[in-house]
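K.L.:
sequence below, structure please.
(one chain, ligands or ions: 1)
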Amino acid sequence: MAFLKGDERARYVSGMFARISRRYDLMNSVMSGGRHYAWRRRAAALAVEGLRGSALDVATGTGDFAFDLARRQEVESVFGLDFTRKMMMLGVSKSARQRLARSVSFVEGDAHRLPFAADSFICVTVGFGIRNFVDVPAALREMVRVVSPGGRVVSLEIVRLDGSGPVSRMARFHFRSVTPWIGAVVAGDREAYTYLPQSAQGFMSASELSHAMEEAGLKVTTCRELALGTVAIHVGEKPR
Ligand SMILES: C[S@@+](CC[C@H](N)C(=O)[O-])C[C@H]1O[C@@H](n2cnc3c(N)ncnc32)[C@H](O)[C@@H]1O
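P.N.:
Predicted coordinates for the structure are as follows:
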């Protein structure tokens, strides 16, 4: 998988998420001890505080980040965009059950070519999606393009932990040995849950992601580490 590039990699990623879609939410809860809901709520608050208008959640998957945005009183409407229809179909059912169908619209599309005009949203969020993008700088520039000046781009992501301290070693052991095993048992898909932790290990550290966001034209105002530094919320503001 590591050798796949461009469209081939995008097709692999989309096919994999289609395959695991039904067990995706459950796996998140098992792997984070149920914390992933609180992390998205926290990121949604940081995304919208003091702003008012529409929001976009990129790589929305089954929609949980979009729903947290929609529950905020600052937010008038939310678009959730993803290129894996099966993930979003589950999101559509969840939005009806959570009585959020009126405020959240799901859009099929690619993070590298967002089908929205410049300066459209008060915030653009991405949760556990950015490390799957084939061209992270290009996708970040797209997010910056569609957010309005003074608005925010917010990433919630698993980040690489370097070093040889106990936490880094434990995280590497967990990703390499425990996650694929849980993926095989709970989701019936060892391959997907081998790829996903590998993609985290091969992704950026928190400071590298801050740098990439700054390179895309944002001023990074917050980098908050969670789960012993294995997960980070980054908030970048688009200059006025
Ligand atoms: C790990 S899931 C994250 C789902 C959700 N954001 C969450 O917080 O649980 C990653 C999602 O990113 C989507 N994705 C990956 N690359 C994408 C791209 N280039 N454009 C749109 N969606 C993409 C996948 O289809 C998948 O649904």
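K.L.:
do the strand or helix carrying C223 and the ligand come into contact?
P.N.:
In the assignment (DSSP states H and E), C223 maps to strand 219-226. No: Strand 219-226 stays clear of the ligand (Cβ under 6 Å from any ligand atom), getting no nearer than 13.5 Å. Backbone N, C-alpha and C define where each C-beta goes, glycine included.
K.L.:
for the helix or strand that that strand is followed by, enumerate the helices and strands it packs against.
P.N.:
Using DSSP H and E, the helix or strand that directly follows strand 219-226 along the chain is strand 231-237. On a contact count with 3 or more Cβ pairs under 8 Å, 6 or more residues apart in numbering; DSSP states H and E, strand 231-237 meets helix 36-48, strand 147-158, helix 206-215, strand 219-226.
K.L.:
distance of R41 relative to V48?
P.N.:
Using Cβ to Cβ, to the nearest Å, one gets 11 Å for the distance from R41 to V48.
K.L.:
check contacts around the closest residue to the ligand within the chain.
P.N.:
Nearest to the ligand in the chain, going by Cβ to the nearest ligand atom, is G61, at a distance of 2.5 Å. By Cβ atoms under 8 Å, 6 or more residues apart in numbering, the residues touching G61 are F17, Y24, D82, T84, M87, M88, G91, G127, F128, G129.
K.L.:
now the longest helix along the chain: buried residues?
P.N.:
Scanning the chain for the helix with the most residues, using DSSP state H, yields helix 6-32. If you call a residue buried by 16 or more other Cβ atoms under 10 Å, then helix 6-32 has these buried ones: 9-10, 13-14, 16-17, 19-21, 23-25, 27-28, 30-32.
K.L.:
elements contacting it?
P.N.:
Judged by 3+ Cβ pairs under 8 Å, 6+ apart, the packing partners of helix 6-32 are helix 36-48, helix 85-97, helix 179-182, helix 192-201.
K.L.:
redo these as JSON lines? Include distance to S77.
P.N.:
Compiled in JSON lines, these are given as follows (distance: least, Cβ to Cβ, whole Å):
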{"stretch": "helix 36-48", "distance to S77": "12"}
{"stretch": "helix 85-97", "distance to S77": "12"}
{"stretch": "helix 179-182", "distance to S77": "35"}
{"stretch": "helix 192-201", "distance to S77": "31"}
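K.L.:
S120: which of those is closest?
P.N.:
helix 36-48 (14.7 Å; Cβ to Cβ).
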